[in-house]
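Asks: can't give you the sequence, but here's the structure:
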């Protein structure tokens, strides 16, 4: 037989028959019968005999080498050769087979031996070796643990360790954690999704709780408990005029009453309108723990069946404009002529007596200011509300935003019964009560925004010089509202922006109060950025939950068809539900805002989606009546 080489290629040891040899390369026939050039630097041995038998014997001998004993046998202080290692380990019996086996063993144990050069190695230091061996043992135990969890999951059982971290695995997983890896591998083996696997073993709570868990982990990682924040003793405030008997207008579930109104007749025939806003900013110190909480939460979160308040309950109780007591307030008083012109206005920090909290659900049917008005009142303050409605319409007209012919829009209320039955109420947006409240809020917000701007004070303004509405630290026009100045002041119990602006406003009204922020304050920009991000996320969650409960309502009522209004392309808004979806088969010539009938092809509560097919366009009511006539 001819001569052969023992060489290394891409981490594997091989043998080949020599055809031609020179200083730099060997021309060989490989074991697979191919002609190849092998660099001399990759060749360790030249030997005679059967190449396949040589390689087999070397591999068998390498498998029997005790790596720990080999590590002890070599020089642990300096570099060594494979030949010296083979001689130390095998003694006088060391030959080509043993040298090849030693090379295989040295290459296969990189944590024991570091390769320094061709055939030259250095033993790992003892401490480093022990650490590496311990890491290998840990990985082995971890793999055993992962495999144990996988078998439990595949058998339909939920390991306690995975149950304890199910929320994190579902919503905010640490992809390096053993539990997450076990669930992913089990789902792959079962050819299903991670969610479906965990749902099958009972690790997924009911969907409303599941959605809420995901939201809280993202937006409230520290939890929703506010902690303890004592309310300080308030300094005495000037009392409002004894003739002021303010009243609020809110829905029946409102616990944070931010605003109230009053109307008084003046001797000159004019009216004095009061807009009274709860004033927690009077008692909150800059950089206090409570202010830090406000800047963390940034807003109250609302969703069907629950809410997460920005302020602690005891602070809400102390500053909410609840009926039957005098409450701290920042008040805007405006003298209004019989022609609804604003003659003058002034702002005060004061204590205002709240006569009553009117609830929309209790008074809306009786509040019909467009109908003939009676001398008697169906509820307290109805006469004042009638006049305030007229004033609100005049304000809307002055802004160029009054449109009695506009298409109706609707707001929806979702209430859940004890057995999760869904009740959806519908109110037309722009109803008289809405017009009254919103216009008074706009009047206060725009008036105070102008005051901040004219005083060159920092604030968080709502602006729309062009395009979309955005937040800004500089006042600019709001073309959507038809105003030169606008900012949020009227919900300081519920929004951080309103708290900040109230703090700034107080410094204008009270000579002893310092502004919370100076212009160009970096922290003000940070709060603006954080607020926009959080406010968008909170609103998205509210819409998501409203859409989910809308789907449950469709299932509950066993609806097969729905009426929808086309927004654009194939996107529609479902009538009677707070739900937007896409429809298959909408004609390309269908006009935006047209109404259509759609059929329900399927509902996926997990993905919060509904399948819809186009049926036909609905004729406007007046056209339909003409055709039927």
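Replies: That came through fine. Everything quoted here is computed from the prediction, not taken from an experiment.

Asks: Show me where the stretch 101-250 of the chain has its strands.
Replies: 113-117, 120-123, 246-250 (DSSP state E, counting those that start in this stretch).

Asks: Could you identify which of those is most buried?
Replies: When you average the neighbours per residue for each of these (mean count of other Cβ atoms under 10 Å), strand 246-250 leads with a mean of 22. Bear in mind the C-beta positions are built from the backbone N, C-alpha and C, glycine included.

Asks: could you give the mean pLDDT of that one?
Replies: Here strand 246-250 scores 96 as its mean pLDDT.

Asks: Centre of the chain to that strand, how far?
Replies: Relative to its chain's centre, strand 246-250 lies at 33 Å (Cα atoms, centre = their mean, to the nearest Å).

Asks: returning to what we had before: tabulate the strands of the stretch 101-250 of the chain (JSON lines), appending distance to residue 487.
Replies: Putting those into JSON lines (distance: least, Cβ to Cβ, whole Å) gives the following:
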{"stretch": "strand 113-117", "distance to residue 487": "67"}
{"stretch": "strand 120-123", "distance to residue 487": "71"}
{"stretch": "strand 246-250", "distance to residue 487": "21"}
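
Asks: what's the longest helix in the protein?
Replies: If you go by DSSP state H, the chain has its longest helix at helix 522-556.

Asks: what's the angle between the helix or strand that that one is followed by and helix 522-556?
Replies: Downstream of helix 522-556, the next assigned helix or strand under DSSP states H and E is strand 561-568. Put simply, strand 561-568 runs at 150 degrees to helix 522-556, going by axes from the mean of the first three to the mean of the last three Cα atoms, to 10 degrees.

Asks: residues in contact with strand 561-568?
Replies: Outside strand 561-568, the residues that touch it by Cβ atoms under 8 Å, 6 or more residues apart in numbering are 554, 572-577, 580-581, 583, 586, 590-600, 612, 615, 618.

Asks: Among the strands of the stretch 101-250 of the chain, which comes closest to residue 261?
Replies: Across the strands of the stretch 101-250 of the chain, residue 261 has its closest neighbour in strand 246-250 (6.3 Å, Cβ to Cβ).

Asks: Which strands or helices does that closest one pack on?
Replies: Packing partners of strand 246-250 (3 or more Cβ pairs under 8 Å, 6 or more residues apart in numbering; DSSP states H and E): strand 259-265, strand 342-359, helix 360-363, helix 432-454.

Asks: re the thing from before, among the contacts of strand 561-568, which lie within helices?
Replies: Counting by DSSP H, the contacts of strand 561-568 place residue 554 in helices.

Asks: Residue 613 against residue 586, yeah?
Replies: No: applying Cβ atoms under 8 Å as the test, residue 613 and residue 586 come out as separate, 9.6 Å apart.

Asks: ok, these two, which is more surrounded?
Replies: Neighbour comparison, residue 613 and residue 586: the larger count goes to residue 586, with 21 against 14 (by other Cβ atoms under 10 Å).

Asks: Can you list phi and psi of that one for me?
Replies: Here is the backbone geometry of residue 586 (degrees, to the nearest 10): phi -70, psi 130.

Asks: Which pLDDT value goes with the residue lying closest to residue 3 once chain neighbours are set aside?
Replies: Nearest residue to residue 3 in three dimensions, chain neighbours excluded: residue 18, at 4.7 Å (Cβ to Cβ, 6 or more residues apart in numbering). Per-residue pLDDT puts residue 18 at 90.

Asks: helix or strand for residue 18, which one?
Replies: strand 12-21.

Asks: For whichever helix or strand comes after that strand, name the packing helices and strands.
Replies: Downstream of strand 12-21, the first helix or strand assigned by DSSP H and E is strand 25-30. Where contact means 3+ Cβ pairs under 8 Å, 6+ apart, strand 25-30 is packed against strand 3-9, strand 12-21, strand 35-39.

Asks: Spell out, range by range, the helices that occur in the stretch 51-200 of the chain.
Replies: 51-63, 67-73, 82-90, 96-108, 126-154, 160-164, 166-171, 178-190, 194-200 (DSSP state H, counting those that start in this stretch).

Asks: Out of these, which is closest to residue 413?
Replies: Proximity to residue 413 (Cβ to Cβ) singles out helix 166-171 among those, at 28.1 Å.
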